[in-house]
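Student: sequence unknown, structure follows:
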């Protein structure tokens, strides 16, 4: 089994689940932060089960779905919110610990490659990053109609995905505040 292929297949699967899903579950958010004019205030989302926090515009909605990978079924948990200029998403999934044998950066590159392939986009930028000592990648992919900005992180066997999708001619006004507010618990 090629576990790297599981990461490619999973690569930003939440993007497709967002567009294909009805998002029926509002999530309680608190501690509003001011945002640019015309944008909903950023709300603190704390996911105890996911072990992270982030500031999201408006009130995010939560969904979960089983996704089939080469490693077997994986549960994907996703929070989304939408503004006039963009869709904001954060999600996570856990892989079986006994199957996680490659380097963290190899897993993250697989997620990136899967996102680019699954969206029929081209990679516009890509660089390694870290958060609290955990490996990550920041990348932007571009299609004829949209930009996809993503930060992905790998902690133990958990993949975190922080994503903003916006049209080419639109400015995702809360993008930086959203992306930079992501925190992984210890």
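Tutor: Happy to help now that I have it. In this text, all values refer to a predicted model and were calculated from it rather than measured experimentally.
Student: just give me the neighbour total for the closest residue to residue 148 other than its chain neighbours.
Tutor: Excluding the flanking residues, the one nearest residue 148 by Cβ to Cβ, 6 or more residues apart in numbering is residue 141, at 4.5 Å. Yep, even glycine has a C-beta here, placed from its N, CA and C like the rest. Per other Cβ atoms under 10 Å, the neighbour tally for residue 141 reads 25.
Student: biggest helix in this protein by residues?
Tutor: Determined from DSSP state H, the single longest helix within the chain is helix 104-118.
Student: re the thing from before, now do the contacts for the residue nearest to residue 148.
Tutor: Listed by Cβ atoms under 8 Å, 6 or more residues apart in numbering, the contact set of residue 141 reads 115, 116, 119, 121, 122, 123, 124, 147, 148, 150.
Student: how far away is the nearest residue to the fourth one once chain neighbours are set aside from residue 81?
Tutor: It refers to residue 121. Excluding the flanking residues, the one nearest residue 121 by Cβ to Cβ, 6+ apart is residue 141, at 3.9 Å. Residue 141 sits 20 Å away from residue 81, going by Cβ to Cβ, to the nearest Å.
Student: before we move on, what about residue 93?
Tutor: Residue 93 is 19 Å from residue 81, where distance means Cβ to Cβ.
Student: where does the residue nearest to residue 148 land on pLDDT?
Tutor: At residue 141, the predicted lDDT confidence score is 94.
Student: next, it: secondary structure please.
Tutor: Under DSSP: H, G, I helix; E, B strand; the rest coil, the three-state class of residue 141 is strand.
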